[in-house]
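Visitor: Requesting a structural model of the entry that follows:
(one chain, ligands or ions: 1)
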Amino acid sequence: MDKLIITGGTQLSGELRISGAKNAALPILAATLLCEEPVTVGNIPHLHDITTTMQLLGQMGVQLTIDEKMNIEVHSSTITKFEAPYELVKTMRASILVLGPLLARFGEANVSLPGGCAIGSRPVDIHIDALIKMGADIQVEAGYIHAKVDRLKGCKLILDKVTVTGTENLLMAATLAEGTTIIENAAKEPEVSDLAHFLNAMGAKITGIDTAILTIEGVEKLDNKNIHYNILPDRIETGTYLIAAAITRGSIKLKDVRPGTLDAVLDKLKEAGAEITIGENWIKLDMHGKKPKAVNIRTAPYPAFPTDMQAQFTALNIVAEGVGTITETVFENRFMHVQEMQRMGANIQLESNTAICTGSEKITAAPVMATDLRASASLVIAGLAAEGDTLVDRIYHIDRGYDHIEEKLSQLGATIRRIPR
Ligand code: EPZ
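Guide: Next comes the predicted model:
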């Protein structure tokens, strides 16, 4: 397995372009299954999860063409089967996002249940219960979701929990249902809104975008022509590089971003002592060479502080001035980066779903192991501030969600290199 070696101690500086959002690209590529006309999706990030999604659609018989600018043209009318096999789903849980579109457009879907995951059990019961309420016949057996329906029926859905991919699956399913669907307690993440705008571009009738109540008036088909939709910038990639600069007391400017999608993160960076300036599509962070101050974080659904930025802020807290608490309320096991950071000398006490971080004068490099996507990023960030060479193993996790991370960090002056297996 590839590894990354990071030599700590360099203050990051310079400019960087942020890629399109992984968590918008995945549902939007799944949503192309709903359209009877060819659709082009632009600003696609260069990630392993995108490759997996293309494999997933390709093995169904869907035609995909990708160009050098990472635009993907999708022709779903050549589809031959409605299946998401375990071999692919086990490598990417977000494969569940083909369930809603397949059922809505073709009336049939056989999707492997996503297995467990490092950060939590992550069931899909809300997805399934709501589709049954919309009239689908769903049997779960031998690890697969077998779903059939003549035509989904619109209805009122009140989701028990705020679920991002749950909202996305049901939003996609409702676009072709008979009658109107109302989704209450819907997720408001910017990636959900990006999907809704894409669906409307294909001819869907969705209102209430950016709110917790989405209303979808079902239509017979989605067949708008000549659609070219660009994915919104990745707010988590943006936040990750801002923290990389903050932990090294540096100063960077990020371009092609959407500042309004990460207010909670920017507020916490200001509390940590960063000077933040923003423009229409750029963010500048400057620590003026100062040590960051510890902050208290509590994750929750958007617009509150995002769980996908929790591990990265834990890394910032372990070298900050003072004591900061990190409380994780979304997933039940999202502190696996803690023991790896403790190997680097971090002073962290875990109490239930809270990590109490006491800033250390210094942390030292050590061989550490990535366990999930955002934990991996947090270990790279910690390595930027550690004395010596930190070796991060199992970085296939990173390649799923960060586009060319070592090139981007090197562009900002970091000393980082990949050791192929
Ligand atoms: C999405 O996962 C993201 N993935 C995750 O990003 C992100 O951490 C998460 O939302 C929360 O923001 C994609 O968008 C591809 P949830 P998702 O359904 O949709 C429970 C990353 O690092 N739940 O919002 O799977 C669930 O167990 C990844 O990019 C049910 O109980 O998360 C969790 O506790 C990691 N039943 C909570 O809801 C269900 O049917 C929120 O999960 C669905 C969810």
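
Visitor: could you pull out the helices for this protein?
Guide: 22-31, 48-58, 86-89, 99-106, 125-133, 164-174, 190-202, 235-247, 263-271, 310-317, 336-342, 373-385, 396-401, 405-411 (DSSP state H).

Visitor: and of those, who's closest to Pro367?
Guide: Pro367 lies closest to helix 336-342 among the helices of the chain, at 9.5 Å (C-beta to C-beta). Glycine gets a C-beta too; all of them are placed from N, C-alpha and C.

Visitor: so what's the residue nearest to Val319 when sequence neighbours are not counted up against?
Guide: Spatially, and ignoring its direct neighbours in sequence, Val319 is nearest to Ala385 (5.0 Å; C-beta to C-beta, 6 or more residues apart in numbering). Residues near Ala385 by C-beta atoms under 8 Å, 6 or more residues apart in numbering: Gly8, Gly9, Ile247, Thr248, Ala315, Val319, Ile363.

Visitor: got a pLDDT number for Ala385?
Guide: Note on Ala385: pLDDT of 97.

Visitor: quick revisit: any chance of CSV for the helices of the chain, columns distance to the ligand?
Guide: Formatted as CSV, those follow (distance: least, C-beta to the nearest ligand atom, whole Å):
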stretch, distance to the ligand
helix 22-31, 4
helix 48-58, 8
helix 86-89, 13
helix 99-106, 11
helix 125-133, 3
helix 164-174, 3
helix 190-202, 6
helix 235-247, 6
helix 263-271, 12
helix 310-317, 9
helix 336-342, 12
helix 373-385, 4
helix 396-401, 5
helix 405-411, 14
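
Visitor: Would you mind measuring from Glu141 to Met54?
Guide: Note on Glu141: its distance to Met54, by C-beta to C-beta, to the nearest Å, is 28 Å.

Visitor: In terms of neighbours, single out the busier of those two.
Guide: Met54 (17 against 8; other C-beta atoms under 10 Å).

Visitor: So that one is in contact with Ile72, correct?
Guide: Yes: here Met54 reaches Ile72: they are 7.2 Å apart, a contact under C-beta atoms under 8 Å.

Visitor: shared neighbours of those two, anything?
Guide: Joint contacts of Met54 and Ile72 (C-beta under 8 Å, 6+ apart) are Leu29, Leu64, Ile66.

Visitor: Which one of those sits in the busiest neighbourhood?
Guide: Top of these by neighbour count (other C-beta under 10 Å): Leu29, with 27 neighbours.

Visitor: Poorly predicted segments of the stretch 1-150 of the chain, please.
Guide: For the stretch 1-150 of the chain, applying pLDDT under 70 flags no range at all.

Visitor: can you pull out the strands in it?
Guide: 3-7, 13-17, 39-42, 63-66, 72-75, 83-84, 108-112, 137-141, 144-148 (DSSP state E, counting those that start in this stretch).
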